[in-house]
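K.L.:
Please find the sequence and the predicted model below.
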Amino acid sequence: MSAAAWAPPEVAWFGALCDDDYEYLGVADPALRSSWEHCRDIVLAAERGGFDNVLLPSGYQLGIDAVTFAGGMAALTRDIRLLVAVRCGEMWPPQLARQLATLDRMLGGRLTVNIISSDLPGESMAGPERYARTLEVMTVLRDLLDGRSVAHHGAAYDLELEPPRLRTVSGSCPPLYFGGLSEDAREVAAQAADVYLMWPDTLPAVAGVVDDLRVRAGRHGRTLRFGYRVHVIVRETEAEARAAAARLVSRLDDGEGEAIRRRSLDSGSAGVARQAELRDAADLDGFVEDHLWTGIGRARSGCGAAVVGDPDQVVAKLRAYQALGIDTFVLSGYPHLDECERFARLVLDELRRPPD
């Protein structure tokens, strides 16, 4: 990427609302369990550290509710955006539009939305039907939040209604972030997302996904931005970073790690399968590529790899993804509060400087 074309990436942290915070992976720590107080402190640390955004994840069985939490954080934050995950299968689209417009007003226009193609709790819908419903939700949401009347007659929703009186600060739909590796997921993203968010992968695989989604979006007359969701372990030296990675899994029982992965509602998805492939392809230390460590996936469904290294190595690795078209990074690290502060101190300013 030329210096003239370069722009600083959006850099987001992770709010850990889904009981996913550890000092040692797989070893529960009551002090790190998701709560209003703990997750609040992570978001406030991200704002102090200068992050642009913070992902508030959502899972029915785990943690605390993202939409409710975001409403509470609106009064406590001033600058940071909130990337609020919504499990669209659980919500009636017109009411969800009203909720999101209210949240955006409370945040002064700082809302972004992570769409999750979810089942209803207790429901198990086949992938094609579930993604078709997700596309309907995203279409209806965008129309209502853009202030347009809806005449939608789909398989999941049959709606004719005016938009709610309450509008977002901008008067339009907040950016919709969405991810998924399956064919159905990619087509939904191409048609309805603003930011296609992907999990960790090797540089060649990331390039392939970006190229594929650009083509798909182009067929619908659209363009996409691209985001990359990955953990980070940064220390003053590479040796210290690798030691921290080893320490993180040093007390992990493989049976407990498998149980944690199975508890996730997305444990059978194409994206989760790809994370397992990366672990299987990794070397004996868990590295599948320079500075990309897959050990986290031993005890986590979904995003299962970390960028590991000293500050210069972490910046170089993230810039390599940026050169492929990534302009948004959604980062996390364990424990989330400590790693948030460390990344802000060691990496964030340098990542935002134009490369030489």
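P.N.:
Yes, it's here.

K.L.:
Stretch 182-198: end-to-end distance?
P.N.:
Using CA to CA, to the nearest Å, the end-to-end distance of stretch 182-198 comes to 12 Å.

K.L.:
Which stretches in the stretch 51-200 of the chain count as strands?
P.N.:
The residue ranges that make up the strands of the stretch 51-200 of the chain, judged by DSSP state E, counting those that start in this stretch, are 53-56, 81-87, 111-116, 150-153, 158-161, 176-178, 195-198.

K.L.:
Distance check, the residue nearest to Gly333 when sequence neighbours are not counted against Asp290.
P.N.:
Across the structure, with CB to CB, 6 or more residues apart in numbering as the measure, the residue nearest Gly333 apart from its sequence neighbours is Glu339 (2.8 Å). Placement of C-beta: from N, CA and C, glycine included. Applying CB to CB, to the nearest Å, one obtains 20 Å for the distance of Glu339 from Asp290.

K.L.:
Surely the residue nearest to Gly333 is within a strand?
P.N.:
No: membership of Glu339 in a strand is not supported by DSSP: H, G, I helix; E, B strand; the rest coil, which gives helix.

K.L.:
oh, and call the first residue 5 from now on, that's how I've got it
P.N.:
In the new numbering, first residue 5, that becomes Glu343.

K.L.:
neighbour count winner among Glu343 and Asp294?
P.N.:
Per other CB atoms under 10 Å, whichever of Glu343 and Asp294 has more neighbours is Glu343, with 23 against 14.

K.L.:
need the strands of the stretch 55-204 of the chain in CSV with mean pLDDT, can you?
P.N.:
Compiled in CSV, the strands of the stretch 55-204 of the chain are given as follows (pLDDT from 0 to 100):
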stretch, mean pLDDT
strand 57-60, 98
strand 85-91, 97
strand 115-120, 97
strand 154-157, 96
strand 162-165, 95
strand 180-182, 98
strand 199-202, 97
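
K.L.:
Go through these and name the closest to Leu36.
P.N.:
Taking CB to CB as the criterion, strand 57-60 is the member of the strands of the stretch 55-204 of the chain that comes nearest to Leu36, at 16.7 Å.

K.L.:
Of all the strand elements in this structure, which one is longest?
P.N.:
strand 229-238 (DSSP state E).

K.L.:
still on that earlier bit, which of the strands of the stretch 55-204 of the chain sits closest to Arg218?
P.N.:
For the strands of the stretch 55-204 of the chain, the distance to Arg218 is smallest for strand 199-202, at 9.4 Å, taking CB to CB.

K.L.:
Would you check how far apart Leu48 and Gly112 are?
P.N.:
Applying CB to CB, one obtains 17 Å for the distance of Leu48 from Gly112.

K.L.:
Comparing the two, which residue is more hemmed in?
P.N.:
It is Leu48, of Leu48 and Gly112, that has more neighbours when counted by other CB under 10 Å, with 17 against 12.

K.L.:
which residues does that one contact?
P.N.:
Leu48 makes contacts with Leu80, Thr81, as judged by CB atoms under 8 Å, 6 or more residues apart in numbering.

K.L.:
Which secondary structure state is assigned to it?
P.N.:
Leu48 - assigned by three-state DSSP - is helix.

K.L.:
That one and Ser62, how far apart?
P.N.:
Look at Leu48 and Ser62: by CB to CB, they are 20 Å apart.

K.L.:
residues touching Leu252, list them.
P.N.:
Shown in contact with Leu252 (CB under 8 Å, 6+ apart): Tyr26, Tyr28, Leu29, Ile237, Gly299, Ile300, Tyr338.

K.L.:
In contact with Ile330, which residues?
P.N.:
When the contact criterion is CB under 8 Å, 6+ apart, the partners of Ile330 are Pro13, Val210, Val214, Phe230, Gly231, Tyr232.

K.L.:
just Leu60 next, same as before
P.N.:
Taking CB under 8 Å, 6+ apart as the definition, contacts of Leu60 comprise Gly19, Leu21, Cys43, Ala70, Phe73, Ala74, Leu86, Leu87, Val88, Ala89.

K.L.:
what number of residues lie near the first one?
P.N.:
Translated: Gly19. For Gly19, the neighbour count with other CB under 10 Å is 32.

K.L.:
buried ones in stretch 245-257?
P.N.:
Residues of stretch 245-257 classed as buried: Ala245, Arg246, Ala248, Ala249, Leu252, Val253, Leu256 (neighbour count, 16 or more other CB atoms under 10 Å).

K.L.:
Considering the residues you listed, which is situated nearest to Asn118?
P.N.:
Within the set of the buried residues of stretch 245-257, Leu252 lies nearest Asn118; the separation is 25.1 Å, counting by CB to CB.

K.L.:
helices or strands next to the helix or strand harbouring Ala280 in the packing?
P.N.:
Ala280 belongs to helix 274-285 when assigned by DSSP states H and E. Contact analysis of helix 274-285 by 3 or more CB pairs under 8 Å, 6 or more residues apart in numbering; DSSP states H and E lists strand 291-293 as its packing neighbours.

K.L.:
next one: the strand it packs on to chain centre, how far?
P.N.:
Between the mean C-alpha point of strand 291-293 and the mean C-alpha point of its chain there is a distance of 22 Å (CA atoms, centre = their mean, to the nearest Å).
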